[in-house]
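Q: Take a look and give me a structure for this.
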Amino acid sequence: MRRNAEARVAELRAQIARHDYRYYVLDDPEIPDGEYDKLMVELRALETQYPDLVTPDSPTQRVSGEPVAAFGVVTHQVPMLSLDNAFSIEDVQAFNRRIVERLGVKGDLEFVAEPKLDGLAVTVIYRGGVLERAATRGDGMKGEDITANVRTIRTVPRKLRGNPPQVLEVRGEVFMPVAGFERMNRVARERGEKVYINPRNSASGSLRQLDPRITATRPLDMFFYGLGMVEGALPDTQWGVLQAFRDWDLPICPQAALVRGVAGCLEYYGEMGAKRSTLPYQIDGVVYKLNRRSEQERLGFVSRAPRWAIAHKFPADEATTVVLNIEFQVGRTGALTPVARLEPVFVGGVTVSNVTLHNIGEVHRKDVRVGDTVVVRRAGDVIPEVVRVIKHASEDAPQVQLPARCPICNSEVVQVEEEAVARCTGGFTCRAQRQEALRHFASRRAMDIEGLGDKLIEQLVEQDLVQSPADLYGLEVKQLAELERMGEKSAAKLVQAIDRSRDTTLPRFLFALGIREVGEATALALAQHFGTLEKLLSASAATIEEVKDVGPVVAAHVAAFFKSPEHRKVIERLRARGVHWAEVERPSRAEQPFAGMTFVITGALESMTREAAQEALLARGAKVSGSVSKKTRYVIAGADPGSKLRKAAELGVEVLDEAQFLALLAKLRE
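A: Take a look at the predicted model:
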């Protein structure tokens, strides 16, 4: 038994460490909070049963998270500890009982109850009432210096009112209000920019900007709720401290309340649960803190958390519903994706009626069938998912099978043995693939046909006006003007845009064709290697594999694409309708100063798109990679840089901010 426990403890610690890294460093959690909490509860239970297995580096003994090396490191004079969690009424009762027994008191105790904000824990030091420094929690002992960014948050005062202590370290949560998050995403969507996943990730990413001017544009807010290092007198209750914060102009959560006993705590928990969806910010539970600070000091801390406070977590947003049907959608590359059509159910603040099941293997693993009653989860504002099947509609309900023919065009469906995805073989003859292929063909980084949006492409395909990309160049104003929401003026503009796209480059043209696994970098490499489309058309897979950074899988996809009579016919029709792609000469070394260098771009750039930056690098001979390694020469860091910045610091790779990158390009033009 002990050997099994030891192995399980090691496994749990490894899992928790991985999830901590994704949550705190990458801001990209891969499991809901509820699943993470279960791992921690199981680990704590095993360590309680086998105390000799407890180690100083166990996640139960320390706070998760690490400082990002791009920022200065701040050592916390008073550790920033996290809280233990309660998941049930019994957990809250046990928390209260432990306090009563340790203090040796009778009767109901007073607690301060507050919503548990879903943001980023931050500490701010004021000296003489003036903001001196701000830092993230990091690993609890050391955090990241984000002073310049916190100064941009309007609700955080730079100078306190009244007579605060000479040195006052206040702690709280930086978050992004729901309304601000939605407004930011709406603007980003209108500009064709990156849309953020949820307010918590947005707040965390905004605080980790290397340029405070970017942080200043984000709708961040902050509530203060705790203390660190203090030199001076303070009220003797937690509630009194919050009132003092307000008097000093430090914002506190307006939903904070003073409650009495377990009954008061649970009543508050119920009220916040009922209000959760209408609050202007996201929460994932509530926090109870013993009110008297002298009693807090008597109780003290365990290694990881205070004994006088606890977080009462809300359950993950789950609901049960019935699978009405399972259909297969077809994407641009022919990939068939099973989608469960559900009896509409309200979960996580939205009504869910469709859920992707990813691939046929996932359907069989979870054994989802039509008519089944299933649990649907939407935790942390992620895409809804089917968690598990509660019961089948009947014992002999048939399993879902991969269709042998495409549901759109009736072409054969094939699945390569080592791939999870099955694909329709119809190509342009498949209406679904055609629609996605046209969307890709017209996109900004491909043929760049301005005004040819998704809705218009849908109409062109539905009315059979466009069978392939070549048909776009035969469209007339009269035809387009008859489409919904067009009109003659808009139609004329679109025809002009289509006409302008006739002159392009070979790399853009190859990318626009939508060859599987061929992105912009590969398209450029192919164009530079072969120089002309004719040479590429006649190349074998083995010859294509000679292109730098093109492996056997990509080479096979390229060769198969150009071998197809249908694809060759489309290319000839494009040529006949005046589409022209400039041939590519092998660039000289003088024209490629970055030859042999590998660059990585992370985050969003302000002065240009990431695609434009990539094109600029590729044109100068650089290789642009999606991951940082020892071979990387430079990492270009824009807004929301993520884990690649940390990896660069670990490997000693030089990092350029946007200004330095632009200066490097300008120097080469001199």
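
Q: Show me what the longest helix seen in the chain packs onto, helices and strands only.
A: Ranked by residue count, the top helix of the chain under DSSP state H comes out as helix 2-20. If contacts are counted by 3 or more Cβ pairs under 8 Å, 6 or more residues apart in numbering; DSSP states H and E, helix 2-20 sits against helix 33-49. For glycine as for every other residue, the C-beta is placed from the backbone atoms N, C-alpha and C.

Q: Next, count neighbours for residue 483.
A: For residue 483, the number of neighbouring residues by other Cβ atoms under 10 Å comes to 17.

Q: thinking it is in contact with residue 458, fair?
A: No - in this structure, residue 483 is not within contact of residue 458 by Cβ atoms under 8 Å, at 10.2 Å.

Q: What is the distance between the longest helix of the chain and the centre of its chain?
A: With Cα atoms, centre = their mean, to the nearest Å as the basis, helix 2-20 stands 26 Å off its chain's centre.

Q: can you list contacts of that helix?
A: 29-31, 36, 39-40, 42-43, 46-47, 49-50, 53, 58-59, 64-65 (Cβ atoms under 8 Å, 6 or more residues apart in numbering).

Q: rerun that using 7 Å as the cut-off
A: Helix 2-20 is contacted by residues 29, 31, 36, 39-40, 42-43, 46-47, 49-50, 53, 58-59, 64-65 when judged by Cβ atoms under 7 Å, 6 or more residues apart in numbering.

Q: Neighbour-wise, give me the winner out of these.
A: Most surrounded of these: other Cβ under 10 Å gives residue 65, at 23 neighbours.

Q: Mind pulling the model confidence for it?
A: The model reports residue 65 with a pLDDT of 49.

Q: One more: the one 3 residues further on?
A: According to the model's per-residue confidence, residue 68 sits at a pLDDT of 48.

Q: And for residue 558?
A: Predicted confidence (pLDDT) for residue 558: 92.

Q: Near residue 489, how many other residues are there?
A: Using other Cβ under 10 Å: residue 489 sits among 10 other residues.

Q: What is the nearest of the contacts of helix 2-20 to residue 82?
A: Closest approach between the contacts of helix 2-20 and residue 82, by Cβ to Cβ: residue 64, at 7.4 Å.

Q: For the stretch 251-400 of the chain, give me the ranges with low pLDDT.
A: 303, 316, 348-350, 378-383 (pLDDT under 70).

Q: Could I get the full set of helices for it?
A: 261-275, 293-299, 360-366 (DSSP state H, counting those that start in this stretch).

Q: now the ones you listed in TSV, with mean neighbour count?
A: TSV is the format used below for the helices of the stretch 251-400 of the chain (neighbours: other Cβ atoms under 10 Å):
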stretch	mean neighbour count
helix 261-275	16
helix 293-299	15
helix 360-366	16
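
Q: Let's have those in TSV, adding distance to residue 448.
A: Formatted as TSV, the helices of the stretch 251-400 of the chain follow (distance: least, Cβ to Cβ, whole Å):
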stretch	distance to residue 448
helix 261-275	48
helix 293-299	62
helix 360-366	36
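
Q: Break the protein down into its structural domains.
A: 2-53, 73-313, 318-414, 427-582, 598-669 (automatic domain parsing).
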